[in-house]
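Participant: Provided below for reference: sequence and predicted model.
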Amino acid sequence: MVEKFWFEKAREFLEIAEGMIREGRYWMACFSSQQAADFLLKGLQLKYTATHLFTHDLSTLLNEVAKILNLNPPPEIYLACDYLTPHYTLARYSQISTYDKRKAEECVRQARKIFQWISEATQ
């Protein structure tokens, strides 16, 4: 039942992302959105295989989940993954990229899209 830890952390990261927008910490909202999706997808891998890929590339993680569960994710879910993946690194280390409310809200929106699709696809 180790996956429950991962699913709980995924939900917590999404809540943190939403709270960081309210606090004006937009870089943290983007990082937390990426982590929410990361933990969700790794939790699914753990649930069905007892292991997960050691990557933060959300499209790679989604591909693995799709193979395990015989799912066919639509293009917009891959786009959501591709949108969020760079924020794992950029949000923490970039001195080039700027973060604002619009970008943070989009990150949360993309993470929610992944959560919603996973919820519907795995019922």
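Facilitator: Great, that's in hand. Numbering: from 1, shown residues only.

Participant: buried residues in the helix ranked longest in the chain?
Facilitator: The longest helix of the chain (DSSP state H) is helix 26-49. Within helix 26-49, the residues scored as buried using 16 or more other C-beta atoms under 10 Å are 26-47. (Glycine included, C-beta is placed from N, CA and C.)

Participant: Show residues contacting the very next helix or strand once past that helix.
Facilitator: Later in the chain than helix 26-49, the nearest helix or strand by DSSP states H and E is helix 58-69. Here helix 58-69 makes contact (C-beta atoms under 8 Å, 6 or more residues apart in numbering) with 34, 37-38, 41-42, 44-45, 48-49, 52-53, 55, 71-73, 77-78, 80-82, 84-85, 114, 118, 121-122.

Participant: how about the residue nearest to the spatial centre of the chain, what does it touch?
Facilitator: Taking C-alpha atoms, centre = their mean, the centroid of the chain lies closest to Ala37, which sits 1.7 Å from it. Residues near Ala37 by C-beta under 8 Å, 6+ apart: 10, 58, 80-81, 84, 110-111, 114-115.

Participant: Next one: Ser119 from Arg109, what distance?
Facilitator: Ser119 sits 16 Å away from Arg109, going by C-beta to C-beta, to the nearest Å.

Participant: Same question for Asp82.
Facilitator: For Asp82, the distance to Arg109 equals 14 Å [C-beta to C-beta].

Participant: Return the helix or strand in the protein with minimum mean pLDDT.
Facilitator: Sorted by mean pLDDT, DSSP states H and E, the helices and strands of the chain end with helix 87-93, the least confident at a mean of 90.

Participant: The helix or strand following that helix - contacts with which helices or strands?
Facilitator: Scanning forward in sequence from helix 87-93 by DSSP H and E, the next helix or strand is helix 101-121. Here helix 101-121 touches helix 2-23, helix 26-49, helix 58-69, helix 75-84, going by 3 or more C-beta pairs under 8 Å, 6 or more residues apart in numbering; DSSP states H and E.

Participant: could I have helix 101-121 exported to CSV, CA atoms only?
Facilitator: The C-alpha coordinates for helix 101-121 follow below in CSV (Å, rounded to 0.1, in the frame of the first residue of the first chain):
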residue,chain,number,x,y,z
LYS,A,101,0.3,34.6,-11.5
ARG,A,102,-0.8,33.7,-15.1
LYS,A,103,2.0,31.1,-15.4
ALA,A,104,1.3,29.7,-12.0
GLU,A,105,-2.4,29.4,-12.6
GLU,A,106,-1.7,27.6,-15.9
CYS,A,107,0.6,25.1,-14.1
VAL,A,108,-2.2,24.3,-11.6
ARG,A,109,-4.7,24.0,-14.4
GLN,A,110,-2.5,21.5,-16.3
ALA,A,111,-1.9,19.5,-13.2
ARG,A,112,-5.6,19.3,-12.5
LYS,A,113,-6.2,18.2,-16.1
ILE,A,114,-3.8,15.2,-15.5
PHE,A,115,-5.5,14.4,-12.2
GLN,A,116,-8.9,14.5,-13.8
TRP,A,117,-8.0,12.3,-16.7
ILE,A,118,-6.3,9.7,-14.5
SER,A,119,-9.3,9.6,-12.2
GLU,A,120,-11.7,9.0,-15.1
ALA,A,121,-9.4,6.6,-17.0
